[in-house]
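In: Fold the following, please.
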Amino acid sequence: MAEERNVVIAMDESDYANYAFEYYMKNVHKPNDHVILLHVPEYHTVIQSPMVMTDVSVVTDLLQDEEKRIKAFLDTLGAKLKNHGIGGKVKSVGGNAGEVITKVAADEKAGLIVIGSRGMGTIRRTLLGSVSDYVMHHAHVPVLVCKQEHHQHGH
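Out: Purely as a prediction, here's the structure:
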């Protein structure tokens, strides 16, 4: 009987995350893996809104939109697990992406962390180096950073 292994896959709404997931499924997945798809939401509309200080109702609306968007995204993640017939769950934890990924991996006693390179939403694209770097430095298990080949970006 092969032992179960918990795998945390960091997911956001980018192609990079999807690529990481597909890469994991093709090359790494074992039948007994228990997959935790982890989403670290960013509330970007609110942060960018100049009205934050003045009009609370606007912020509330924006937050509700974000919540809806995030919930819809989490539903797609749940469907992803089902469609691939993998055991696992979806988790959404707010905070600093690197710290959240590392902490959830520790809480879930993960044996592997999978992360897409250069994902994490447009705002953080410049920081993404720092997300995967942070995770690699702080995680106590192997970290697979899936880099996409560049040909589809015209390089």
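
In: Whichever strand or helix holds residue 103 - what's its average pLDDT?
Out: Assigned by DSSP states H and E, residue 103 belongs to helix 97-107. Confidence over helix 97-107, taken as the mean pLDDT, stands at 95.

In: again with stretch 144-155
Out: pLDDT averaged over stretch 144-155 gives 65.

In: Then stretch 40-53?
Out: 60.

In: can you check stretch 59-70 too?
Out: Mean predicted confidence for stretch 59-70 is 83.

In: Buried residues, that stretch. List them.
Out: For stretch 59-70, the neighbour count (16 or more other CB atoms under 10 Å) marks 59, 62, 66, 70 as buried. In short, each C-beta sits where N, CA and C put it, glycine included.

In: just stretch 86-100 next, same as before
Out: In stretch 86-100, counting by 16+ other CB under 10 Å, buried: 86, 88, 90, 91, 92, 97, 98, 100.

In: Who are the packing partners of the next helix-or-strand element following the helix holding residue 103?
Out: Next helix or strand after helix 97-107 toward the C-terminus (DSSP H and E): strand 112-116. The contact analysis (3 or more CB pairs under 8 Å, 6 or more residues apart in numbering; DSSP states H and E) places strand 112-116 against strand 5-11, helix 15-27, helix 97-107, helix 128-138, strand 143-146.

In: Packing partners of the last one?
Out: I take that to be strand 143-146. Using 3+ CB pairs under 8 Å, 6+ apart, strand 143-146 sits against helix 15-27, strand 112-116, helix 128-138.
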